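*Asks:* Turn this into a structure:
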Amino acid sequence: MRLQPFALLTLAFFAVTLAPAQPPPDGGPDQGGEDPPSRAARLSFLSGTVSFQPGGVEDWVPASVNRPLTTGDRLWTEAGSRAELNLGSAALRLNGRTNFTFINLDDDITQVQLSTGTLSVRLRRLDERETFEIDTPQIAFTLQRPGEYRIDVNEQGDVTLVTIRAGQGEAVAGDQVQAIYSRQQVRASGTGDAPVVFDERDAPVADAFDNFCMDRDRREDRSESARHVSRDMPGYADLDGNGVWREDQQYGWIWAPRVDPDWAPYHNGHWVWIAPWGWTWVDDAPWGYAPFHYGRWANAGGVWVWVPGPPAVRPVYAPALVAWVGGPRFGVSLAIGGGAAVGWFALGPGEIWAPAYRASPRYFNQVNVSNTVVSRNVNITNVYNNVYVNRTNINVTYVNRNVNGAVSAVPQNAMVTGRPVAQAGIRVPRNAIGEAEIQRGAPVVPQRAAVFGGAVPTSSAPPPAIRNRTVVARATPPPAPVPFAQQQTALQQNPGQPLNRATLNQMQRGGQPRPFYRQAQARPTSPNVSGPPAQAPTQPVPFNRPNRPQEVQTPANPGAPPVPLDRRNRPQDVPAQPGNASPVPAAPHNPYEFPRRVERPDRPAPVERPTTPRVEQPGPNREPRRERPQSKEPKREKKGEDKQ
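*Replies:* Below you'll find the model as predicted:
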């Protein structure tokens, strides 16, 4: 009887549980190290001129689709350009003239900087421990629920607009806290150390950029591939129009790309160096992200098919799911010029991937079980101990090793400069495979060009005034990325292995503190932000807004109760129009300016408007009684009027 994939997955969990692993001696989390994040952001869409600056370098290069982004990476869009980033649980979209930075991106926090421009966020899921924060020159805005959000910062950097179509968030500026709700827009204005002024109105109608974002959302919502993979896997929507899904008796649901007959995975693209994962594959195909960082590849009857991991398991990102081949006789047998050669081939279903970087047993288990259905005969813990503890060679019979055209190779000097594999490499013939040794990683020391993936620096970059603009941060930003030039000496000691957290911490201690951030002083009020809960008023009273909680200002003294925000010197709400349930402001000519009413010095302080009288609501399963309209026709006689 053939076991189903989910039964095999359950057996794999038992295999891991019954065989405890020894602590790694080379710096895993049990020894003071740190696992890399289980996710990265995919650059999934580009239109116009978009520039990219990797963390740790100063130059800007043209951005390319499928590039994974992480902490410290920056994007700049010129006027009329757009870009999209996908995290799986969230889609981030940038309009023209937008300066965007990942301040921090790991398993529990997404913290981005927006110093100018427009950012749209479609948040599909938000875990209890997860924080999603957007830092601008005026506020630190925290997303508290799944929904649709838009943040605009004007060119001068003195106004931030937050628009929520659906969801709920909280803006913090100094010691002020401003709650923002669905279908609402809040304007935060101010520069320097002056208090930020908050004004609110109803969300305006959608514009061209909003329509673009909604079209991209509908594309994801209608994706057929979402039925076969986890929605936390970036890039699944691009599989729909570039291949065919079918059910296989051995592997379950598989995806076959529309490619040339001689195509092989991990051949049309290039290698880049991305910390903290190291050598990372960037594919040239528009759909080439999910199948190269998740799942496995199989060759069925001469046709390559992609086998995803279990759809019910949240996938863990991997830089490239390949087995590396090399050795002193490998390059000689290939007769490749340019020095020693390095080769690789795609892992098959059920095969264990051993990363080149240090990892804990827990991470090693998750990155494998989430990306393939592991056979019951494979004990992940034993593989981990052999590779990381006993340091023995990987002795596995790989199904794709002897497939014709599956193994690709390049000279090392072509890899470190980010040259395209299709130009610099060759397909390794079968007779050369016998001379190859299976290696844990590619023992190649990266050069600076490998960080850019071979791209040439460009002059398209944000102006210094925008690039160095100070923003407000609620969560403490991590240290600035260590410059790549400072890492090169340490990288030469262990070729192909990224630096661990302990080594990077030592380098960061001698650096300068991170600039361009003002720490917000307000205490957190959301369960998604770590810290003590803020005190709430015992009897909240609506402030000119029925059915909304009172807006409060957190006092400097933690023991004192919150006090209502003072709005006497702020623009007043636009009065409600007859027949409307809520105030509707006049459409301003400048979206960053709200309509204002001039205050006279002799005018007394505004008086609270009376609260809306309570209206009795019908029961949950009962429609309200409607009065039947009276007919204008005269009543007809009952007797004989219809007889003809």
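*Asks:* okay, CA-based contacts and neighbour counts for the rest of this
*Replies:* OK.
*Asks:* all helices for the stretch 151-300 of the chain, in order.
*Replies:* Assigned by DSSP state H, counting those that start in this stretch, the stretch 151-300 of the chain shows helices spanning 208-221, 290-293.
*Asks:* Run through this protein and note the low-pLDDT ranges.
*Replies:* Filtered on pLDDT under 70, the chain yields the residue ranges 1-33, 328-329, 331-339, 376-377, 391-395, 435, 509-516, 521-591, 593-644.
*Asks:* Highest mean neighbour count out of the helices of the stretch 151-300 of the chain?
*Replies:* Comparing the helices of the stretch 151-300 of the chain by mean neighbour count (mean count of other Cα atoms under 10 Å), helix 290-293 ranks first with a mean of 23.
*Asks:* Check the burial of Ala465 by counting its neighbours.
*Replies:* When neighbours are defined as other Cα atoms under 10 Å, Ala465 has 11 of them.
*Asks:* before we move on, what about Gly192?
*Replies:* Residues near Gly192, counting by other Cα under 10 Å: 10.
*Asks:* same check, this time on Asp106
*Replies:* Around Asp106 there are 15 residues (other Cα under 10 Å).
*Asks:* got the domain boundaries for this protein?
*Replies:* Per automatic domain parsing, the domain ranges recorded for the chain read 5-33+232-452, 41-217, 479-513.
*Asks:* Please identify which of these is closest to Pro464.
*Replies:* domain 41-217 (11.0 Å; Cα to Cα).
*Asks:* measure that closest one end to end?
*Replies:* Using Cα to Cα, to the nearest Å, one end of domain 41-217 lies 17 Å from the other.
*Asks:* Stretch 407-414 now?
*Replies:* So stretch 407-414: terminal residues 17 Å apart, Cα to Cα.
*Asks:* can you list contacts of it?
*Replies:* The contact list for stretch 407-414 (Cα atoms under 8 Å, 6 or more residues apart in numbering) reads 266-267, 336-346, 401, 421, 424-429, 444.
*Asks:* Dump the helices of the stretch 151-300 of the chain into TSV; add distance to Gln184 as well.
*Replies:* Formatted as TSV, the helices of the stretch 151-300 of the chain follow (distance: least, Cα to Cα, whole Å):
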stretch	distance to Gln184
helix 208-221	15
helix 290-293	36
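*Asks:* out of the ones you listed, which comes closest to Ala520?
*Replies:* Nearest to Ala520 among these is helix 208-221 (29.6 Å), distances taken as Cα to Cα.
*Asks:* quick one: the closest one to chain centroid distance?
*Replies:* 17 Å (Cα atoms, centre = their mean, to the nearest Å).
*Asks:* Enumerate the positions of stretch 179-199 that are buried.
*Replies:* For stretch 179-199, burial by neighbour count (16 or more other Cα atoms under 10 Å) applies to 179-190, 196-199.
*Asks:* Which of the residues you listed fall within strands?
*Replies:* Those of those mapping onto strands are 179-180, 184-189, 197-199, per DSSP state E.
*Asks:* Please name the residues that touch Gly88.
*Replies:* With contacts defined as Cα under 8 Å, 6+ apart, Gly88 is in contact with 231-235.
*Asks:* Assign it to helix, strand or coil.
*Replies:* What DSSP: H, G, I helix; E, B strand; the rest coil gives for Gly88 is coil.
*Asks:* who wins for proximity to Gly454 among the helices of the stretch 151-300 of the chain?
*Replies:* It's helix 290-293; of the helices of the stretch 151-300 of the chain, that one is closest to Gly454 (Cα to Cα) at 19.5 Å.
*Asks:* With only the CA atoms kept, save that closest one in PDB.
*Replies:* Backbone C-alpha positions of helix 290-293 (Å, rounded to 0.1, in the frame of the first residue of the first chain) are rendered in PDB as follows:
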ATOM      1  CA  ALA A 290       9.000  29.700  -5.800                       C
ATOM      2  CA  PRO A 291      10.400  26.600  -7.600                       C
ATOM      3  CA  PHE A 292      14.000  27.500  -6.800                       C
ATOM      4  CA  HIS A 293      13.700  28.500  -3.100                       C
END
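*Asks:* Off-centre distance for that helix?
*Replies:* Averaging C-alpha positions (Cα atoms, centre = their mean) puts helix 290-293 16 Å from its chain's average.
*Asks:* circling back to that earlier point, closest to Glu170 out of the helices of the stretch 151-300 of the chain?
*Replies:* Taking the helices of the stretch 151-300 of the chain one by one with Cα to Cα, helix 208-221 is closest: 21.4 Å.
*Asks:* Could you give the backbone dihedrals for Ala422?
*Replies:* With angles defined as degrees, to the nearest 10, Ala422 sits at phi -60, psi -20.
*Asks:* Go ahead and confirm it touches Trp271.
*Replies:* No: Ala422 is beyond contact range of Trp271, at 11.6 Å (criterion: Cα atoms under 8 Å).
*Asks:* who has more neighbours, these two?
*Replies:* When Ala422 and Trp271 are compared for neighbours, Trp271 comes out ahead with 27 against 16, by other Cα under 10 Å.
*Asks:* Quote the end-to-end distance of stretch 398-409.
*Replies:* The straight-line separation of the ends of stretch 398-409 (Cα to Cα) is 17 Å.
*Asks:* actually stretch 307-318, sorry about that
*Replies:* Start and end residues of stretch 307-318 are separated by 15 Å (Cα to Cα).
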